[in-house]
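> quick one: sequence plus predicted model below, questions after.
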Amino acid sequence: MSNRYLLILIIFYLAVFNSILCQDVEYARRIIRDLASPGMYGRGYVKKGDYKAAMYISKEFKSIGLEKTYRRYLQPFSISVNTFPGKVQLYLNNQLMIPAKDYLVSPESHSAEGKFITYPVRYSDLIYGENWLKIIGESSDKFIVIDKTLPDVEILKKEDEERIREILRFMKMHPEYPAAGTLIVTNEKLTWSGSTIEGSKPFVILNTELPLTEIKTVEIKIKNTFYQAYQTYNIIGLLPGKLYPDSFIVFTAHYDHLGCMGRETCFPGANDNASGIAMLLNLAKYYSMEENIPDYSMAFLALGAEELGLLGAEYYTENPVFPLDRISFLINIDLAGNGEEGITVVNGSVYPGKFELLKRINETNLFLPQVKTRGVACNSDHCRFHEKSVPCFFIYTMGGSTAYHDIFDTPDSLPLKAFENYFLLLKSFTNSLQVRY
């Protein structure tokens with residue numbers, strides 16, 4: 001074979017190899033774009049956004065060729081959840097505020113409608129019992145406006161903050177609270193969340209340059225719907241191993257997000273965690289190819305209701321489709337869309353041997369700038385497995401987009417510059433986990 005012909009073959013195979021890798025990234029882009037699209041309604045519980053996402057992922061599992069459990073991919077379970085399917089509007093002094101940019105409705109808020117006179121309160125005033133009694137006595141049918149922007153907030157003690165948190169909880173939850181509602185003004189970034197409980201009064205978090213002393217009226221319209229038993233789903237796909245079918249490597253990623261706050265404001269959740277689902281599906285595609293069939297069995301779990309308190313993971317660990325002690329290792333993938341500054345590995349210090357293996361693979365191949373270790377943290381779905389003594393990592397990317405739990409976490413905010421190398425690192429690490437000595 002001539003050197004010229006050999007060179008042509010090498011160039012051809014490199015081109016094919018690179019096109020496959022690029023296709024992986026393009027596939028990831030499509031998954032992220034689809035899951036974070038307006039038609040998914042933030043993958044929450046307004047207009048069944050969670051179900052739409054679950055069915056979408058099920059179709060991808062089927063297309064990839066993953067096996068079902070009990071003739072289906074879906075594992076149903078019930079949750080309680082507070083939602084905001086109706087109109088959400090806020091006017092201050094007859095000036096319309098922009099939802100998710102100027103303000104957020106606290107996730108446990110109750111329905112409310114009306115125009116109210118304000119009752120101003122300093123955040124630090126909530127510490128003292130005499131102030132609190134005065135507020136209770138004078139705020140009936142008024143909207144309390146709490147100023148958390150003043151300098152004295154910085155010098156509060158830990159016990160002061162705990163006391164204030166209890167008072168704020170009373171304002172949200174207690175049916176005897178006499179005020180019409182509460183608005184707390186902050187300089188902090190607005191980040192939303194979900195709630196499994198329903199409050200008794202409206203509660204709003206505001207970030208605005210409008211002078212607080214000039215806020216005289218609050219006009220509000222909020223419509224909530226609380227579900228005591230809403231059915232949502234985990235999605236489970238299996239890939240039998242060719243040598244050790246009774247041993248499993250498990251990949252998890254939550255597919256739910258925050259849903260919608262009213263009819264027009266939804267939270268896309270591109271990085272959190274459409275990106276994790278995109279990585280999970282990429283790994284499933286790779287290992288389902290005949291030439292890549294793993295020695296160990298693999299399970300791919302797209303878990304629901306993570307944003308409500310790791311509820312899908314909790315349900316799965318209580319109702320596993322195979323014994324948890326057959327899991328050799330579990331990798332939980334969340335916030336996978338960045339990586340320009342590397343990755344952090346929760347439980348890295350718990351499993352130092354596995355962490356050093358991952359770090360060594362990265363240093364040898366120069367996949368990512370760094371692999372940082374972190375200790376135990378109950379901040380994603382891996383936690384429920386860790387509590388059941390399942391060996392696991394939770395890996396998240398660093399750098400890139402700072403959008404988180406807001407309306408700016410969109411597909412356009414994720415260039416996926418490190419996604420390909422992150423995939424290669426996970427693949428290499430997973431292959432190493434299957435080596436038996």
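Nice, I can see it.
> residues touching the residue nearest to L35 when sequence neighbours are not counted, list them.
Among residues not flanking L35 along the chain, A274 sits closest, at 3.9 Å (C-beta to C-beta, 6 or more residues apart in numbering). Any C-beta I mention is one placed from the backbone N, CA and C, and that applies to glycine too. By C-beta atoms under 8 Å, 6 or more residues apart in numbering, the contact list for A274 reads 31-32, 35-36, 43, 255, 257, 268, 337, 411.
> cutoff 7 Å now
31-32, 35-36 (C-beta atoms under 7 Å, 6 or more residues apart in numbering).
> how about E340?
Per C-beta under 7 Å, 6+ apart, neighbours of E340: 399-400, 417-418.
> how about the helices in the stretch 51-200 of the chain?
129-138, 158-173 (DSSP state H, counting those that start in this stretch).
> tell me which of the ones you listed sits most buried.
Highest mean neighbour count of these: helix 158-173, a mean of 15 (counted as mean count of other C-beta atoms under 10 Å).
> may I see the buried residues of stretch 239-247?
239, 241, 244, 247 (16 or more other C-beta atoms under 10 Å).
> circling back: by mean pLDDT, show me the worst of the helices of the stretch 51-200 of the chain.
Confidence, taken as mean pLDDT, is least for helix 129-138 of those (a mean of 88).
> off-centre distance for that one?
Distance of helix 129-138 from the chain centroid (C-alpha atoms, centre = their mean, to the nearest Å) equals 38 Å.
> contacts for that helix?
Residues contacting helix 129-138 (C-beta under 7 Å, 6+ apart): 119, 121, 125-126, 144, 167, 178.
> so which of the residues you listed are in strands?
Counting by DSSP state E, the contacts of helix 129-138 place 119, 121, 144 in strands.
> how about the strands in the stretch 301-437 of the chain?
Using DSSP state E, counting those that start in this stretch, the strands of the stretch 301-437 of the chain run over 327-333, 343-346, 371-374, 392-397.
> how is this protein partitioned into domains?
24-82+228-433, 88-222 (automatic domain parsing).
> burial-wise, tell me which of those domains comes out on top.
domain 24-82+228-433 comes out most buried of the domains of the chain by mean count of other C-beta under 10 Å, with a mean of 20.
> that domain spans what distance, first to last residue?
With C-alpha to C-alpha, to the nearest Å applied, domain 24-82+228-433 spans 22 Å between its terminal residues.
> with stretch 252-259 instead?
First residue to last in stretch 252-259 (C-alpha to C-alpha) measures 21 Å.
> and the contacts of it?
Contacts for stretch 252-259 (C-beta under 7 Å, 6+ apart): 41-46, 49-50, 53, 57, 83, 192-194, 266-267, 269, 272-273, 276-277, 279-280, 301-307, 312, 330, 332-334, 381-382, 405.
> redo the strands of the stretch 301-437 of the chain as a markdown table? Include mean pLDDT and distance to P211.
Output for the strands of the stretch 301-437 of the chain, formatted as a markdown table (pLDDT from 0 to 100; distance: least, C-beta to C-beta, whole Å):
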| stretch | mean pLDDT | distance to P211 |
| --- | --- | --- |
| strand 327-333 | 98 | 45 |
| strand 343-346 | 98 | 41 |
| strand 371-374 | 98 | 42 |
| strand 392-397 | 98 | 39 |
